[in-house]
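In: Just a sequence and a predicted model for now, questions to come.
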Amino acid sequence: EPEVTQTPSHQVTQMGQEVILRCVPISNHLYFYWYRQILGQKVEFLVSFYNNEISEKSEIFDDQFSVERPDGSNFTLKIRSTKLEDSAMYFCASRWSERGTEAFFGQGTRLTVV
Amino acid sequence: GENVEQHPSTLSVQEGDSAVIKCTYSDSASNYFPWYKQELGKRPQLIIDIRSNVGEKKDQRIAVTLNKTAKHFSLHITETQPEDSAVYFCAASKRGGKLIFGQGTELSVKP
């Protein structure tokens, strides 16, 4: 069964450092998303990406965040200068359609900012 | 703004009993309502979903109901088993595809 894969599974970084989280969505999917989940809290939407551009972003997704699809398979989330409050689980998800279809989640990257 | 409220935050039932989790959404344009099960440290896993043109959907021990007028949808798990213990999230989505999640319900099924 196809699945969304994320790397790394766990990343520890110093405050102020840049991090790049990587995702490989399911190959025939067209819509890509990043979500985050602070420990013990709900899953929060960060950004959606379609046709090589951001289609929507949340208030959380400020200038420190960026996304890119550098080739036909990878989808990356970059945090330019990490803060302690960026510590969370980051999930990538993909869907083949925006309308009423299942979103497949990756296994997540646990980001710890120290 | 877009919001999904979920209740209760914790739910404890005896094995074999039923569990009901309720959600309310704010955006009337929402048309897709999935439910996810999340075990500790793992990804959310879709367990059932319903689209706005359907009032009820069932899959074995799991059912979901949708009341579009009230902007309310519920998850029903019958004959609960210890392995049903997890955090359950409801979500709502409209055209554009982003999911707005509820706060989660920690379900504990006691043997």
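Out: That came through, no problem.
In: Surely A:N74 touches A:V24?
Out: Yes. With contact defined as C-beta atoms under 8 Å, A:N74 counts as touching A:V24 (6.0 Å). Every residue, glycine included, has its C-beta placed from N, CA and C.
In: Pick out whichever of those two has more residues nearby.
Out: The residue with more neighbours, out of A:N74 and A:V24, is A:V24; 16 against 13, by other C-beta atoms under 10 Å in any protein chain shown.
In: Can you give me the distance of the closest residue to the more buried one other than its chain neighbours to A:R22?
Out: Nearest non-adjacent residue to A:V24, counting by C-beta to C-beta, 6 or more residues apart in numbering or on different chains: A:T5, 4.8 Å away. Shown here: A:T5 relative to A:R22, a distance of 9 Å by C-beta to C-beta, to the nearest Å.
In: Between these two, which is the more surrounded one?
Out: Counted by other C-beta under 10 Å, A:T5 and A:R22 do not tie: A:R22 has more neighbours, with 16 against 13.
In: which helices and strands does the helix or strand hosting that one pack with?
Out: Taking DSSP states H and E as the criterion, A:R22 maps to strand A:19-24. Counting contacts by 3 or more C-beta pairs under 8 Å, 6 or more residues apart in numbering or on different chains; DSSP states H and E, strand A:19-24 packs against strand A:5-7, strand A:10-13, strand A:31-37, strand A:75-79, strand A:88-95, strand A:109-113.
In: what's the very next helix or strand once past the third one packed up against?
Out: Once the chain leaves strand A:31-37, the next helix or strand it forms, by DSSP H and E, is strand A:43-50. In terms of contacts (3+ C-beta pairs under 8 Å, 6+ apart), strand A:43-50 is packed against strand A:31-37, strand A:53-57, strand A:65-68, strand A:75-79, strand B:99-101.
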